[in-house]
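**Q** for reference, the sequence and a predicted model appear below.
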Amino acid sequence: MIDLGLTKLAVIGAVALVVIGPEKLPKVARMAGTLYGRAQRYLHEVKSEVTREIELEELRNLHKEVQDTAHSFKSGVETFKSDVESSVSSHLDEVESAWNGDSGSVTYAAPPPPLTPEDLERKAREFRRKKLVRTSSVPAWYKNRHGARQHVLSGAARVRKFRPGAKTTSSFF
């Protein structure tokens, strides 16, 4: 780009004043400013059009990628569907043959062994521990601050608590 300093602009102005003259210099300066503004607007329009075209091309590429991904996903779902259908039909054939009495190809799983008292006690301890963790994980101060219920009120107690009208704070005695 042209490097125009203050001294160069002063020399150009002095030469223009001598060559053009003081009467025509304002008109020429105004015309030069107008042409310079037009050139800037034109360059700005060209830049914006180029960026729009680039963004449009990026959107086209993205659209193509999304369509390719959707197509591959659709084909994957269709293959999964065919696999499931074949598996279900083979299991259905096994169930029908077992229902009809042909137990030659069907194998049954052995029932689970009965639970011992130690297993039952261990499961009960685990359940109590998990329940304690579930219920005590939220501190009481947090429950109080956010209005969690700690005591259950009966219907009559709720009606008395929220009944409109004057509440007396004086006691009988």
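**A** Right, received. Where do you want to start? Keep in mind that what you see is a predicted model, and the values were worked out from it rather than measured.

**Q** so Met115, which state does it fall into?
**A** Quick fix: residue 115 reads Leu, not Met. Under DSSP: H, G, I helix; E, B strand; the rest coil, Leu115 falls in the coil class.

**Q** now it: closest residue in space that isn't a chain neighbour?
**A** With sequence-adjacent residues excluded and distances taken as CB to CB, 6 or more residues apart in numbering, Leu115 is closest to Lys123, at 7.9 Å. Any C-beta I mention is one placed from the backbone N, CA and C, and that applies to glycine too.

**Q** mind checking the SS state of the one you found?
**A** helix.

**Q** what about it, neighbour count?
**A** Neighbours of Lys123 under the rule other CB atoms under 10 Å: 11.

**Q** ok, which stretches of the chain are strands?
**A** With DSSP state E, there are no strands along the chain.

**Q** from the contact counts, what lies against the longest helix along it?
**A** If you go by DSSP state H, the chain has its longest helix at helix 25-100. Under the contact criterion of 3 or more CB pairs under 8 Å, 6 or more residues apart in numbering; DSSP states H and E, helix 25-100 touches helix 6-20.

**Q** so which residues make contact with the helix it packs on?
**A** Leu25, Val28 (CB atoms under 8 Å, 6 or more residues apart in numbering).

**Q** compute the inter-axis angle for that helix and helix 25-100.
**A** Between helix 6-20 and helix 25-100, the angle comes out at 130 degrees (axes from the mean of the first three to the mean of the last three CA atoms, to 10 degrees).

**Q** what about helix 6-20, average pLDDT?
**A** Helix 6-20 carries an average pLDDT of 85.

**Q** again, but for stretch 112-126
**A** 86.

**Q** again with stretch 67-85
**A** Rounded mean pLDDT across stretch 67-85 is 93.

**Q** residue nearest the centroid of this protein?
**A** Val66 (17.6 Å; CA atoms, centre = their mean).

**Q** how near is that one to Leu4?
**A** Per CB to CB, to the nearest Å, Val66 is found 50 Å from Leu4.

**Q** ok, Arg163 next?
**A** Counting by CB to CB - Arg163 and Leu4 are separated by 87 Å.

**Q** picking up where we left off before, for Phe73, see how far away the residue nearest to the centre of the chain is.
**A** Distance, Val66 to Phe73, using CB to CB: 10 Å.

**Q** with Ile12 instead?
**A** Where Phe73 is concerned, Ile12 sits at a distance of 66 Å (CB to CB).

**Q** for stretch 67-77, C-alpha coordinates in PDB please.
**A** Taking C-alpha atoms only, stretch 67-77 is exported to PDB below (Å, rounded to 0.1, in the frame of the first residue of the first chain):
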ATOM      1  CA  GLN A  67     -26.700 -36.100   4.900                       C
ATOM      2  CA  ASP A  68     -23.900 -38.700   4.700                       C
ATOM      3  CA  THR A  69     -24.000 -39.200   8.400                       C
ATOM      4  CA  ALA A  70     -27.800 -39.600   8.300                       C
ATOM      5  CA  HIS A  71     -27.500 -42.100   5.500                       C
ATOM      6  CA  SER A  72     -24.900 -44.200   7.300                       C
ATOM      7  CA  PHE A  73     -27.000 -44.000  10.500                       C
ATOM      8  CA  LYS A  74     -30.100 -45.100   8.600                       C
ATOM      9  CA  SER A  75     -28.300 -48.100   7.000                       C
ATOM     10  CA  GLY A  76     -26.900 -49.000  10.500                       C
ATOM     11  CA  VAL A  77     -30.400 -49.000  11.900                       C
END
